[in-house]
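Asks: Show me the folded form of this:
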Amino acid sequence: MKMLKMCLNWRVLLGLGALGVGTYAVAPDLALAVLPFLVLAICPLSMMFMMKGMQGNGGEDEGEQASQEAGASLNREEQLARLQAQQEALSDQISELEGTDSQTVVNREER
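Replies: Numbering: from 1, shown residues only. Next up is the predicted model:
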């Protein structure tokens with residue numbers, strides 16, 4: 001039973017159920033003829049909903065996705081510039097500390 005919950009999309013079941021009830025309300029004689037097709041349609045329609053959900057964009061337009069990607073690349077460029085500035089600052093600190101350490105060693109040797 002748990003396996004069926006994973007494979008069947010509730011929206012598809014609800015939609016096809018409503019279609020079946022509507023068919024029965026409009027043409028009761030046709031409802032029995034349509035029922036096997038509705039049951040067969042459950043699997044492919046559920047699969048289509050699942051594939052759409054796994055695409056990752058969550059139903060966004062391509063334009064919105066492209067603008068987000070452009071913003072992300074700008075964000076990456078800003079991050080890269082910040083990291084480079086931090087690296088330069090750390091390099092300066094290291095060189096200052098190395099200079100201080102060598103002066104300390106020289107001062108100790110003179111004593």
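
Asks: Tell me which stretches of the protein form helices.
Replies: 2-7, 10-26, 28-54, 62-110 (DSSP state H).

Asks: since we're on residue 23, how many residues are nearby?
Replies: The number of residues packed near residue 23 is 17, by other C-beta atoms under 10 Å. Placement of C-beta: from N, CA and C, glycine included.

Asks: from memory it sits against residue 32, does it?
Replies: No. Contact criterion C-beta atoms under 8 Å: residue 23 and residue 32 do not qualify, at 9.6 Å.

Asks: re earlier: can I get the helices of the chain in TSV with mean pLDDT?
Replies: Formatted as TSV, the helices of the chain follow (pLDDT from 0 to 100):
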stretch	mean pLDDT
helix 2-7	63
helix 10-26	87
helix 28-54	84
helix 62-110	76
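
Asks: Give me the domain ranges for the protein.
Replies: 1-55, 63-111 (automatic domain parsing).

Asks: Can you say which of those domains is packed in most?
Replies: domain 1-55 (a mean of 12; mean count of other C-beta atoms under 10 Å).

Asks: hmm, who's touching stretch 12-21?
Replies: The contact list for stretch 12-21 (C-beta atoms under 8 Å, 6 or more residues apart in numbering) reads 31, 34, 35, 38, 41, 42, 45, 46, 49.

Asks: Excluding chain neighbours, what is closest to the first one?
Replies: Meaning residue 31. Leaving out its chain neighbours, the residue that sits closest to residue 31 by C-beta to C-beta, 6 or more residues apart in numbering is residue 24, at 4.0 Å.

Asks: Quick check: that neighbour vs residue 15, distance?
Replies: 15 Å (C-beta to C-beta, to the nearest Å).
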